[in-house]
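Colleague: Sequence and computational prediction follow.
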Amino acid sequence: MFQPAVPVAKVLDRIHRNEYLLPAIQREFVWNTDQICALFDSVMRGYPIASFLLWEVNPKNVGDFTFYSFITDYHEKDHPYAAKANVPFGSGLTAVLDGQQRLTALNIGLYGSHAEKLPKLWWSSPSAFPKKRLYLNLVADADDEELGLTYDFRFLTDQEAMPSSGTPSRWFLVRDVLQLEDAGPAIMQELDACHLLGDKAPFNRLFRLFMAIREEPSFNAYLEDSQDSNKVLDIFVRVNSGGTTLSYSDLLLSMATNQWKERDAREEVRSLVAELNGLPAGFQFSKDLVLKAGLVLTNVSDIGFKVSNFTQSNMQKLEADWDRVRSSLLEAANLLSGFGYTGRTLTASSVMIPLAYYLDRRGLGTKYLESGHEAADRLAVQHWVARSLMKRGIWGSGLDRFLGRLREAIREHGAAGFPVVEIEAAMTSLGKSLTFQPAEIAELLDLPFGSPRIFPVLAMLYPGLDVSKSFHEDHIYPRSAFTRSRLAAAGVSSDQVDEHLDKVNRLPNLQLLPGLQNVEKQSKLPAAWLDGASFPSAESRHQYGLDNDVDLVGDLRDFLTFYARRRERMAHRLQSALGLILDPQLSTHSM
């Protein structure tokens, strides 16, 4: 049923009495300060700010759900999330199903503050997060034509809002409008204190703020009083189909939060994602991946992101198994890091899920990551991961069915070792074979610099590299030497310049080089680098050249010969590593 419209101040008063709370199915606050200022501009101008959807929760049902308070003082580092609310036993409340972002923005602007990190400062710096509050410029309108704003609202530190000596106080702290006793004498008294009585414009602006916040009924809401949580959930999904999109995983994660008894699912998943992405490899795993992994590792039959899969029994099992799920995901992430993958080169985060399931299935723990007894098994895993990332389309469509088949193969055949044969048979049955055709090999050999697939290809081609260390993708012939003027000066014929400029950035001219060596190499030609301090003896230079196919080097005029011969060697290596019959055509084909 529709509720009578009320002023903004009245709604915020209810928020501060904890009568309005946020259900766990709400996402985090995501608005920035520009959006907050634009909202206040709309309120001041009397524009509609859309309706709100509320849910009246009866006292007997409050205990079945988890609720959060609204953020008042936002701090990007220390307080970016809403805190769990303590609802007194026997109390009813009103939950906000739609309008959380707007209400939080109004709450921060009228009652609180906003602190986000300044650019170029360390997160640990005490001055990196200045506390700012919302101010209204009483003297001038906004000059931002792009945003189309009329009123000049800004988040300022109190020091920034202080007037210069001997000048009027132009910035009015928006929260102080709640302290004005009336819209007449009280405003005049405020303007007198600001030395702004001689101009009608400041009075009009402050009067407009008073009326918009405290008097005009701009808050329109529909109140749902059904106690059927499934109906409420359906309403929530429907009304949140627009705006800043709520991911389905956020919704399902919030459902898990409601059903866990001993822990807060949202906080546990958020913490695990932060820990995974905090590894030196700089991974970029998401809540979606962690949730999906939870369904896989707890052996839920259907691992799709469906409401029906987030039942109370499934979520209780996930909570009971959470420590095991968490450990397996961390072990899998460290395994990938040990293989040399980073947030940039791990092109399909989902590859971690079957690895975590395999580690969980065998129950080996962290000792698997370095055990000499498991070295051959780790190599089998590493090769499978590399091939699955090298081949297009493996981790794309049909992911739920694909992960289900991989889980089945590992569950039935992975008790003693990584079942590569059975896994690849399952993949082939889904049209995701890891057999490479000649055209695919040729494409890999001609990958351009910057392609995330370069790392798994080079790591497979040259397995002697200790990829657990930090490696750079280095140009053997330095890219800086390949300009038209430098090539011409080196004696490269004009009809070959374009070919040089193209091939300098392709796989046969790339190698994986430890960070320190890459710094030492800088822009040296390969012959000069191989004769440098990195290789103290002729034997070490010769061995490095053989191991990495960089022994046939010279000046810029020799580049195309070097490129063709190294590409030929790489073609043989790659076909051998992939278990293919050598195709001589691959050695001569290039872009």
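Modeller: It's in. Numbering: from 1, shown residues only.

Colleague: switch to C-alpha atoms for all contacts and neighbour counts from now on
Modeller: Will do.

Colleague: And the strands in the stretch 351-500 of the chain, which stretches?
Modeller: Secondary structure of the stretch 351-500 of the chain, counting by DSSP state E, counting those that start in this stretch: strands at 471-475.

Colleague: low-scoring stretches of it, by residue?
Modeller: 464-471 (pLDDT under 70).

Colleague: Show me the helices in it, by range?
Modeller: With DSSP state H, counting those that start in this stretch applied, the stretch 351-500 of the chain shows helices at 352-362, 375-390, 399-413, 420-429, 438-445, 454-461, 484-489, 497-503, listed in chain order.

Colleague: Which residue ranges of the stretch 201-350 of the chain form strands?
Modeller: Chain-ordered strands for the stretch 201-350 of the chain, with DSSP E, counting those that start in this stretch as the definition, fall at 219-224.

Colleague: where are the low-confidence patches of it?
Modeller: Within the stretch 201-350 of the chain, the stretches with pLDDT under 70 are 229-230, 233-234, 236-255, 257-258, 307-308.

Colleague: ok, Pro59 - how many residues close by?
Modeller: If you count neighbours by other Cα atoms under 10 Å, Pro59 ends up with 15.

Colleague: Out of the helices of the stretch 351-500 of the chain, which is closest to Tyr341?
Modeller: Closest approach to Tyr341 among the helices of the stretch 351-500 of the chain is made by helix 454-461 (7.9 Å; Cα to Cα).

Colleague: chain center to stretch 301-321, what's the gap?
Modeller: 24 Å (Cα atoms, centre = their mean, to the nearest Å).

Colleague: What residues sit buried inside it?
Modeller: Across stretch 301-321, burial judged by 16 or more other Cα atoms under 10 Å covers Ile303, Gly304, Phe305, Asn309, Phe310, Asn314, Met315, Gln316, Lys317, Leu318, Glu319.

Colleague: now stretch 559-579
Modeller: Here stretch 559-579 shows 559, 562-575, 578 as buried, counting by 16+ other Cα under 10 Å.

Colleague: For Tyr563, which non-adjacent residue is closest in space?
Modeller: Pro508 (5.9 Å; Cα to Cα, 6 or more residues apart in numbering).

Colleague: and the one you found, how many neighbours does it have?
Modeller: By other Cα under 10 Å, 27 other residues sit near Pro508.

Colleague: isn't it right up against Leu444?
Modeller: No. Counting by Cα atoms under 8 Å, Pro508 sits too far from Leu444 to count as a contact (10.1 Å).

Colleague: Contacts only, for Ala212.
Modeller: Residues in contact with Ala212, defined by Cα atoms under 8 Å, 6 or more residues apart in numbering, are Pro7, Val8, Val43, Met44, Gly46, Ser218.

Colleague: do His500 as well
Modeller: Phe482, Phe559, Leu560.

Colleague: Contacts for stretch 548-556, please.
Modeller: With contact meaning Cα under 8 Å, 6+ apart, stretch 548-556 is reached by 462, 476, 487, 490, 492, 511, 525-527, 542, 544-545, 559, 562, 566, 569-570.

Colleague: That one: end-to-end distance?
Modeller: Counting by Cα to Cα, to the nearest Å, the length from the leading to the trailing residue of stretch 548-556 is 20 Å.
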